[in-house]
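[1] What follows is a predicted protein model with its sequence.
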Amino acid sequence: MGKFTERLFKNVQPIWEKNHYHPFVQELGNGSLKREKFIHYMKQDYVYLIDYAKLFAAAVTKARDLETMDKFAQILHETLHFEMELHRQYAAEFGITREELEATKPTPVNLAYTRYMLNVAQKGNLAEIVSCLLPCAWDYWEIGKLLRKQYGDKIENNPYKQWIETYDSETFGEGAKWLIDLMDKLAEGLPERELAILEEHFQITSKYEYLFWEMNYLEQDWPI
Ligand SMILES: Cc1ncc(C[n+]2csc(CCO)c2C)c(N)n1
């Protein structure tokens, strides 16, 4: 039988395709994205990452060996100090303070997305947690590679160059590959009933990724 992540990858293509060709992603790639939309995204993504980092902490508590614990602790550290540093740098450039970034109130889509994952983190097993956080890590890496391929020759004048270079980096590539391998190991020998639950988490969080791009492109927030 083929790898579980090959099945996930194949079945998620229609959703990821919509993510990759969303105007937010494409305009980020060619540099034409309106500054206000990017600022909205940076602020929302910053508070998203605070909750997302807690998934890694939950994974540490559910891991069954030291090596896995250590790796999740390392990814947690990278999220707080490498990925979120990107947001802090862009915010500084746009005159937004660290306090303001951290005090951002999540929009309905952001809140629904993180609450979905945190609920799984609390009630589910390690395989379920990994299936939830995998689309974020994997699809961003795919997007980083795609944008580099599509627009890499014009990247020097792109105000979002730093963003593309971060997600196309070795650090994220390695992290995503490690999570993919772990997903395959955790799925080994599981009955179809359990694989279907993992696939459902993977598809739902992939759809939330789409909603996240859309929410930022439209600069959506609470209507009241
Ligand atoms: C909405 C949203 N989805 C995914 C990411 C990307 N991301 C989140 S944590 C992480 C590292 C995991 O190895 C990566 C790549 C993001 N920033 N915002």
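    Arrived safely.

[2] When you work out contacts or count neighbours from here on, use the C-alpha atoms and nothing else.
    Fine.

[3] next helix or strand past the host helix or strand of residue 116?
    Residue 116 belongs to helix 108-123 when assigned by DSSP states H and E. Sequence order places helix 126-151 as the next helix or strand after helix 108-123, per DSSP H and E.

[4] Can you tell me which helices and strands the next helix-or-strand element following that following helix packs against?
    Reading on from helix 126-151 to the C-terminus, the next helix or strand found by DSSP H and E is helix 161-167. Packing contacts for helix 161-167, counted by 3 or more Cα pairs under 8 Å, 6 or more residues apart in numbering; DSSP states H and E, involve helix 84-93, helix 126-151.

[5] what's near enough to touch the nearest residue to residue 44 once chain neighbours are set aside?
    Excluding its sequence neighbours, the residue lying closest to residue 44 (Cα to Cα, 6 or more residues apart in numbering) is residue 106, at 6.1 Å. Going by Cα atoms under 8 Å, 6 or more residues apart in numbering, residue 106 touches 44, 47, 48.

[6] measure residue 2 to residue 188 for me?
    Distance of residue 2 to residue 188, given as Cα to Cα, to the nearest Å: 11 Å.

[7] Between those two, point out the one with more neighbours.
    residue 188 (12 against 7; other Cα atoms under 10 Å).

[8] The helix holding residue 116: which residues count as buried?
    Neighbour counts using 16 or more other Cα atoms under 10 Å place 109, 110, 113, 114, 116, 117, 118, 120, 121 of helix 108-123 among the buried residues.

[9] Which strands or helices does that helix pack on?
    Counting by 3+ Cα pairs under 8 Å, 6+ apart, helix 108-123 packs on helix 35-62, helix 126-151, helix 192-217.

[10] Name the helix or strand for residue 78, please.
    Here residue 78 is assigned to helix 66-78, by DSSP H and E.

[11] what do you get for residue 24?
    Assigned by DSSP H and E, residue 24 falls within helix 23-30.

[12] model confidence over that helix, on average?
    Taken as a whole, helix 23-30 has an average pLDDT of 98.

[13] same thing with stretch 142-156?
    pLDDT averaged over stretch 142-156 gives 94.

[14] Which residues of the chain lie near the ligand?
    Proximity of the chain to the ligand (Cα under 6 Å from any ligand atom) is limited to residues 45, 75, 79, 136, 137, 140, 172, 175, 176, 209.

[15] Roughly how far does the most centrally placed residue in the chain sit from residue 190?
    In the chain, the C-alpha closest to the average C-alpha coordinate belongs to residue 136, at a distance of 2.6 Å (Cα atoms, centre = their mean). Counting by Cα to Cα, the gap from residue 136 to residue 190 is 23 Å.

[16] For the residue nearest to the centre of the chain, which residues are in contact?
    205, 206, 209.

[17] for residue 62, same thing?
    125, 126.

[18] And it, what's its pLDDT?
    Per-residue confidence (pLDDT) for residue 62: 97.

[19] how much space between it and residue 140?
    On the measure of Cα to Cα, residue 62 and residue 140 end up 25 Å apart.

[20] again, but for residue 10
    From residue 10 to residue 140 the distance is 17 Å (Cα to Cα).

[21] which one of those two has more residues nearby?
    residue 140 (22 against 9).

[22] ok, that one touching residue 165?
    No - with contact defined as Cα atoms under 8 Å, residue 140 does not count as touching residue 165 (11.4 Å).
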